[in-house]
Each structure stands twice: as structure tokens, then as C-alpha cells.
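Undergrad: Here is a sequence with its predicted model. Questions after.
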Amino acid sequence: MSISIKNDEQIKIMRVAGEINARTHEMLEAAVAPGVTTGELNKLADSYIRSRGAKPAFKGYRGFPASVCVSVNEEVIHGIPGLKKLLTGDIVSIDIGVLYNGFYSDAARTFPVGGVSSEARRLIDVARESFFAGIAFARAGAHLYQISGAINDYVESNGFSVVREWVGHGVGRALHEPPEIPNYRMPNRGPRLYPGMTLAIEPMVNAGTYEILTRKDSWTVVTRDGRLSAHYENTVLVTAGEPELLTLLG
């Protein structure tokens, strides 16, 4: 497995790609409300990303028809935005990729729509918190699967499950680079981490079983039991010290 190491100039570009991604999420979080369609969120994201001189990375990627992924309730990932209206009590996961000057950023968030159930709120929180449990090990000298194990343990200790068929990944010149980053505990430590590695770490957390299905559209992944799912992701730079979150605003 060859994991790309970014130089200082490449990291500067990725910081811009990450900031555009984070600003897009900030804008969409403010727009999420009952009655808004998933397609309207897609249009807002597309317009803003292009206004910054970047491109929506998902548009046309392996044939994906939209600029961002918008997944509601039991939809885990890769939801295709369209005419669906958000309802009070829904949760909506938005995954955004940005291509800027030849480099990518990738980030996802799950937002509540109006008032949501206590389980939905806790699911969103645990997905986010498990990410931060994982990146405690995203530092030079640690090993990749220490991240995986920490995410797994945090999620399961809170009574939820982590999706196994889809994982995090490296990101940089390509949207998906080595290594794959499972969100579940692995039997070995995995590769050592070095400064300059850039990783898209993305827990996908289900309220019930970790088992999933793909809908007939060949894109939308849903929970097998129909229960809720939440997604949280950032593009992470490994440094000599604390990891730098390229898609999280300071």
C-alpha cells in the first residue's frame, strides 16, 4: 500500500479546498428546514462551490448525477438529491466533495430538521464524537487501524453500530486514494502514519444493525432494518503534532 505524502504547496491548496467545503456545509446547515427539498440544497451547494473557483467533486463521479450527496433518515450515504421535502423530525446527512486546483477535500455532516427524537439527536452526536475519538490517533508514529478501533469502540459503547461495507479513505490528487480506513476494529495495527498524509475519516453510524442495502437507483445506501443512520467526516492532515482538520472551520 502506497500512501501519498503531500508537500507544503499541495497542503496549502488542500487547505483552500477544505475551507470551501466547510463554508458550503455552514451554508447548508443554515438552509436545512422543514419544507426545503434535497434538490434545493444541492443547487445551493453547487452554486457556492463554483463561485469560489472550485468544482463539485461528486458531479459525474462514476456517473453520480448530482453535486452533493443528500441522505435522509435511513439513507446512509449516496442519497441523490431531488424533489424530496425535508420534514420536521428528519435527520439529513450531507456529503460534499470539492475539487480545487487539482486537489480534493471531502467532508460530511448530519443535521437535524427541526425538533428530532432523543435517539436521533444522540445518534448524530455519537457519530461526530466517534470521529474525534478516532483522530486522537491520527498523528505521526501511530498506526492507521488505531483510528478504526477507537471509532468502533466509541460507537458500540453507546449502543450503536458502524457500517462495514463502506469505509474512509485517503484523499488528495484523487478523491479516493489509499489507504482504506475502516470504522471497525481490525486484527492488526495497519500502516504507520507520517506527516503529510491526508485522510478522509468518516464514521457511518446506524441506530440498529450495521447491515445495509443499496436501492434500485444503484446509489442510495440504506440501513437494512430501516432505522436511522448518521455520517460525520473531515479531511484530516497528519502532522508532527496534533492532526489538522482541513474541512472544519476554526
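TA: Cool, the structure landed.
Undergrad: quick one, helices of the chain?
TA: All helices of the chain, identified by DSSP state H, fall at 8-31, 38-51, 118-135, 144-157.
Undergrad: so what does the longest one touch, helix or strand wise?
TA: The helices and strands touching helix 8-31, judged by 3 or more CB pairs under 8 Å, 6 or more residues apart in numbering; DSSP states H and E, are helix 38-51, strand 91-100, strand 103-112, strand 234-237. All C-beta spots, glycine's among them, are computed from the backbone N, C-alpha and C.
Undergrad: quick one: which of these is nearest residue 214?
TA: strand 91-100 (15.6 Å; CB to CB).
Undergrad: which one of the helices of the chain is the most hemmed in?
TA: helix 144-157 (a mean of 22; mean count of other CB atoms under 10 Å).
Undergrad: next one: it to chain centre, how far?
TA: Distance of helix 144-157 from the chain centroid (CA atoms, centre = their mean, to the nearest Å) equals 16 Å.
Undergrad: contact partners of it?
TA: Residues outside helix 144-157 that contact it (CB atoms under 8 Å, 6 or more residues apart in numbering): 126-127, 129-131, 133-138, 161-162, 179, 181-186, 188-193, 201, 203, 205.
Undergrad: still on that earlier bit, looking at the helices and strands packed on helix 8-31, which is closest to residue 59?
TA: helix 38-51 (7.4 Å).
Undergrad: The closest one - what's its average pLDDT?
TA: Helix 38-51 shows an average pLDDT of 98 in the prediction.
Undergrad: Check stretch 142-155 too.
TA: 98.
Undergrad: For it, list the C-alpha coordinates in PDB.
TA: Output of stretch 142-155 as PDB, limited to C-alpha atoms (Å, rounded to 0.1, in the frame of the first residue of the first chain):
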ATOM      1  CA  ALA A 142       0.600   6.000  15.400                       C
ATOM      2  CA  HIS A 143      -0.900   3.200  13.200                       C
ATOM      3  CA  LEU A 144      -3.900   3.600  10.900                       C
ATOM      4  CA  TYR A 145      -6.100   0.900  12.500                       C
ATOM      5  CA  GLN A 146      -5.800   2.500  15.900                       C
ATOM      6  CA  ILE A 147      -8.200   5.100  14.400                       C
ATOM      7  CA  SER A 148     -10.500   2.400  13.300                       C
ATOM      8  CA  GLY A 149     -10.600   0.700  16.700                       C
ATOM      9  CA  ALA A 150     -11.200   3.900  18.600                       C
ATOM     10  CA  ILE A 151     -14.200   4.700  16.400                       C
ATOM     11  CA  ASN A 152     -15.600   1.200  16.700                       C
ATOM     12  CA  ASP A 153     -15.300   1.100  20.500                       C
ATOM     13  CA  TYR A 154     -16.900   4.500  21.000                       C
ATOM     14  CA  VAL A 155     -19.900   3.800  18.700                       C
END
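Undergrad: of the contacts of helix 144-157, buried ones?
TA: Buried subset of the contacts of helix 144-157 (neighbour count, 16 or more other CB atoms under 10 Å): 126-127, 129-131, 133-135, 137-138, 161-162, 179, 181-184, 190, 193, 201, 203, 205.
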